[in-house]
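Novice: Just to be clear, the model below is a prediction. Sequence and coordinates:
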Amino acid sequence: LQYWASVFNTLSIISNRETPNHRDHLSMPECFDILTTAGNYSNARMSMPSLQLEFKYDPGCMIAFSGRIVRHGVHAVQGDRIAWAWYMRDSVHIYAGVVRPVPCLGSRGELYLPCSGFPAYVITRNLCSP
């Protein structure tokens, strides 16, 4: 591809599906995945049992985390839900012949994630209700 409009190289769209707890073994552990949900539904919960966390996963919610490192899942919902999952895969870098992004340190020693441009502590702040 000559042009790609996202820093992420893979997108999955999930519609009206319960997702059992899992880890994404093909995702890059250095990169955070960005999950966004929308629709007309209620009672959605995102669980991260390895961190002993569970979040309300209301329409418009975005969550960023490493799907390779953190076990996660979404419970069944009542209504219509669609989710976008943006993430990175090495196989796409290899196929496209591009260099794999690597984490770097900022001028004050803060860790910047290769897929975001933001310090890690900024991205880990959850925008959804606990």
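Specialist: Structure's in. What do you need?

Novice: And the helices in this protein, which stretches?
Specialist: Counting by DSSP state H, the segments of the chain that form helices are 90-96, 120-123.

Novice: Pairing partners for Thr10 in the sheet, please.
Specialist: According to DSSP bridges, the partner residues bridging Thr10 are Tyr87.

Novice: one step back: confidence-wise, which of the helices of the chain is weakest overall?
Specialist: Lowest mean pLDDT within the helices of the chain: helix 120-123, at a mean of 42.

Novice: Per-residue pLDDT of the residue lying closest to Ser27 once chain neighbours are set aside, please?
Specialist: Distances taken as Cβ to Cβ, 6 or more residues apart in numbering place Arg68 nearest to Ser27, at 4.3 Å, with adjacent residues excluded. Placement of C-beta: from N, CA and C, glycine included. Listed pLDDT for Arg68 reads 86.

Novice: Likewise for Trp86?
Specialist: pLDDT recorded at Trp86 is 81.

Novice: Tell me how far it lies from Gln52.
Specialist: Using Cβ to Cβ, to the nearest Å, Trp86 is found at 25 Å from Gln52.

Novice: ok, the residue nearest to Ser27 to Arg45 distance?
Specialist: 21 Å.

Novice: more crowded one of the two?
Specialist: More crowded of Arg68 and Arg45, by other Cβ atoms under 10 Å: Arg68, with 18 against 14.

Novice: Next, the contact list for that one, please.
Specialist: Contact partners of Arg68, counting by Cβ atoms under 8 Å, 6 or more residues apart in numbering, are Arg23, Asp24, His25, Leu26, Ser27, Met28, Pro29.

Novice: what two of those are the furthest from one another?
Specialist: Between any two of these, the greatest separation by Cβ to Cβ is 12.5 Å, found for Arg23 and Met28.

Novice: Would you mind telling me which of those two has the busier surroundings?
Specialist: Of the pair Arg23 and Met28, Met28 is the one with more neighbours under other Cβ under 10 Å, namely 23 against 15.

Novice: This completes my enquiry, with thanks.
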